[in-house]
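In: Attaching a predicted model along with its sequence, questions to come.
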Amino acid sequence: MQFWVLAVVSVAGALGMVLCRKAVHSALCLAATMLALAVCYMAQGAVFLGVVQIVVYTGAIMMLFLFVVMLVGLTAEDSVKEPLRGQRVAAVLAGLGFGVLLIAGIANANLRTFTGLAAANAQGNVQGLAQLIFTRYVWAFEVTGALLITAAIGAMVLTHREHTEERQSQRELAEQRVRLGQQITPLPAPGVYARHNAVDIPGLLPDGSVSELSVNPTLRSRGQMRDVSGDMLRRMDALESGTAEWLGRRTPRPRTGTELVQPVPAQAEEVEESE
Amino acid sequence: MNPVNYLYLAALLFTIGATGVLVRRNAIVLFMCVELMLNASNLALVTFSRLQGNLDGQIIAFFTMVVAAAEVVVGLAIIVSVFRTRHSASVDDTNLMKL
């Protein structure tokens, strides 16, 4: 019973990882698979490995994956178009064939002997492993240490960016801005519109048009800037002019429905809240 | 529970991982598929250890985990540095050495 639950969870997680479009969803599916595998290890008497699996894999490696997904910013989905025609079908067929071969191999293997870990784990799983690691496998253990240090240094070297010149001070930056004369004032803030207070919504200029500068350049270059919906502007305009009409402050102006309207004064928002 | 079933599960997970490597083109997801294959082989090793009644299989699985951790660190660093220069994490876009 326990095995079937674990098998279903791990296979579902693995399939989800392959089939999910977004990298974040794939990572979460893989984490579920790894947790199920950790329980598999513990159920088979490998208690230490189960704990290591949870700590190292779901704890460290998956978090590293999520960090990189965040850094690389893969909210954009994997492209669907195939550069090689029929590659996907061929890959799935090859996978199926490989799986059949592997499973047939296991089915034909002579696996009659079953000893169980009762004798090996007699002194405790961790003690037994420690005895082996520090006697028969001590050389492999030392080499592993060297490998880990090399990997850490390699990661540092690969991701390090060298500063070849001295960092500019704030005063120098300000002077440079004035000298270039492009944008002396601070950039406009994003999402100043009442309903959309998100960073990926551009702020509106006085004439109602969208200010591209107000959105973070990273989001702009990724094309993740959301549009301010014209619907919303039109509805706000209707509300505003309706209020003005009711108060008798001005005559209602004819609306074509397509014109982009002026930014809404504070008055309209107050009315909206009181409703 | 028959321990051979765990071997079938490991084979199935390995196959799914291998198919994923062939099908997907996002470098990070490719890495995840490789991790899944490593995990499946770990499960097989643990099962063999239980079948044989000694702890050597578990030791090898432990070393596999360490090597996988090192591999992930370096691989993800490579992905990040490739992304910095090419602004893409798709393995199809990395074709600078193509003739």
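Out: That came through fine.
In: The closest residue to A:L148 other than its chain neighbours: what's it in contact with?
Out: Distances taken as CB to CB, 6 or more residues apart in numbering or on different chains put B:A70 closest to A:L148, at 5.7 Å, once the chain neighbours are dropped. Every C-beta, even on glycine, is put in place using the N, C-alpha and C of the backbone. Contacts of B:A70 were listed using CB atoms under 8 Å, 6 or more residues apart in numbering or on different chains, and they are A:L147, A:L148, A:T150, A:A151.
In: quick one: average pLDDT of the helix or strand hosting B:A70?
Out: B:A70 belongs to helix B:56-86 when assigned by DSSP states H and E. If you average the pLDDT over helix B:56-86, you get 90.
In: What is the least confident helix or strand in chain A?
Out: For chain A, using mean pLDDT, DSSP states H and E, the weakest element among its helices and strands is helix A:266-274, scoring a mean of 43.
In: For A:L147, which non-adjacent residue is closest in space?
Out: Using CB to CB, 6+ apart and skipping residues adjacent in sequence, the residue nearest A:L147 is B:A70, 5.3 Å away.
In: now A:D200: how far from A:D227?
Out: 10 Å (CB to CB, to the nearest Å).
In: When those two are compared, which one has more neighbours?
Out: Per other CB atoms under 10 Å in any protein chain shown, whichever of A:D200 and A:D227 has more neighbours is A:D200, with 15 against 9.
In: Got the phi and psi for the more buried one?
Out: Backbone torsions for A:D200, taken as degrees, to the nearest 10, come to phi -90, psi 10.
In: thinking it is in contact with A:R226, fair?
Out: Yes. A:D200 is within contact range of A:R226, at 5.0 Å (criterion: CB atoms under 8 Å).
In: what's the overlap in contacts for those two?
Out: With CB under 8 Å, 6+ apart, A:D200 and A:R226 have no common neighbours.
In: A:L35 is in what secondary structure piece?
Out: Using DSSP H and E, A:L35 sits within helix A:23-43.
In: which ones are touching residue 37?
Out: You didn't say which chain, so I picked chain A. By CB under 8 Å, 6+ apart, the residues touching A:L37 are A:L6, A:S10, A:Q53, B:N39, B:N42, B:L43.
In: that's the other chain; I wanted chain B
Out: B:L13, B:F14, B:G17, B:A18, B:V21.
In: Include secondary structure, distance to B:V82 and pLDDT when you put those residues into TSV, please.
Out: TSV is the format used below for the contacts of B:M37 (DSSP: H, G, I helix; E, B strand; the rest coil; distance: CB to CB, whole Å; pLDDT from 0 to 100):
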residue	secondary structure	distance to B:V82	pLDDT
B:L13	helix	28	95
B:F14	helix	27	96
B:G17	helix	22	95
B:A18	helix	23	95
B:V21	helix	18	93
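In: Can you sort out which of these also neighbour chain A?
Out: Contacts with chain A are made by B:L13, B:F14, B:G17, B:A18 out of the contacts of B:M37, judged by CB under 8 Å from any CB of the partner chain.
In: which residues are in contact with whatever helix or strand A:A12 lives in?
Out: Using DSSP H and E, A:A12 sits within helix A:2-19. Under the criterion CB under 8 Å, 6+ apart, residues A:25-27, A:29-33, A:36-37, A:39-40, A:43, B:1, B:5-6, B:9, B:12-13, B:16-17, B:19-20, B:23-24, B:29, B:32-33, B:36 lie in contact with helix A:2-19.
In: which of these count as buried?
Out: A:26-27, A:29-33, A:36-37, A:39-40, A:43, B:6, B:9, B:12-13, B:16-17, B:19-20, B:23-24, B:29, B:32-33, B:36 (16 or more other CB atoms under 10 Å in any protein chain shown).
In: residues of stretch A:150-158 that come out buried?
Out: Quick answer for stretch A:150-158 (16+ other CB under 10 Å): A:A151, A:A155, A:L158.
In: make that stretch A:87-105, sorry
Out: Neighbour-count burial for stretch A:87-105 [16+ other CB under 10 Å]: A:A91, A:G95, A:F98, A:G99, A:L102.
In: what kind of secondary structure is the nearest residue to B:A68 once chain neighbours are set aside in?
Out: Spatial nearest neighbour of B:A68, excluding adjacent residues (CB to CB, 6+ apart): B:L38 at 4.8 Å. With DSSP: H, G, I helix; E, B strand; the rest coil as the basis, B:L38 sits in helix.
In: Surely B:L38 touches B:A69?
Out: No. Using CB under 8 Å, B:L38 makes no contact with B:A69, being 10.1 Å away.
In: Show me the buried residues of stretch A:87-105 that map onto helices.
Out: A:A91, A:G95, A:F98, A:G99, A:L102 (DSSP state H).
In: quick one: the nearest residue to the fourth one once chain neighbours are set aside and A:Q87, what's the gap?
Out: It refers to A:G99. Distances taken as CB to CB, 6+ apart put B:T15 closest to A:G99, at 3.5 Å, once the chain neighbours are dropped. Distance, B:T15 to A:Q87, by CB to CB: 18 Å.
In: Pull up the residues of the stretch 101-250 of chain A that are close to chain B.
Out: Residues of the stretch 101-250 of chain A lying close to chain B (CB under 8 Å from any CB) are A:102-103, A:106, A:111, A:113-117, A:119-121, A:125, A:128-129, A:132-133, A:137, A:140, A:144, A:147-148, A:150-152, A:154-155, A:158-159.
In: Can you say which of the residues you listed are buried?
Out: Looks like these have A:102, A:106, A:117, A:120-121, A:125, A:128-129, A:132-133, A:137, A:144, A:147, A:151, A:155, A:158 buried, using 16+ other CB under 10 Å.
In: Cross these against helices and list the overlap.
Out: A:L102, A:I106, A:N125, A:G128, A:L129, A:L132, A:I133, A:T144, A:L147, A:A151, A:A155, A:L158.
In: can you put those residues in TSV and add pLDDT?
Out: Shown next, in TSV, are those (pLDDT from 0 to 100):
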residue	pLDDT
A:L102	92
A:I106	91
A:N125	88
A:G128	90
A:L129	92
A:L132	91
A:I133	92
A:T144	94
A:L147	94
A:A151	93
A:A155	89
A:L158	86
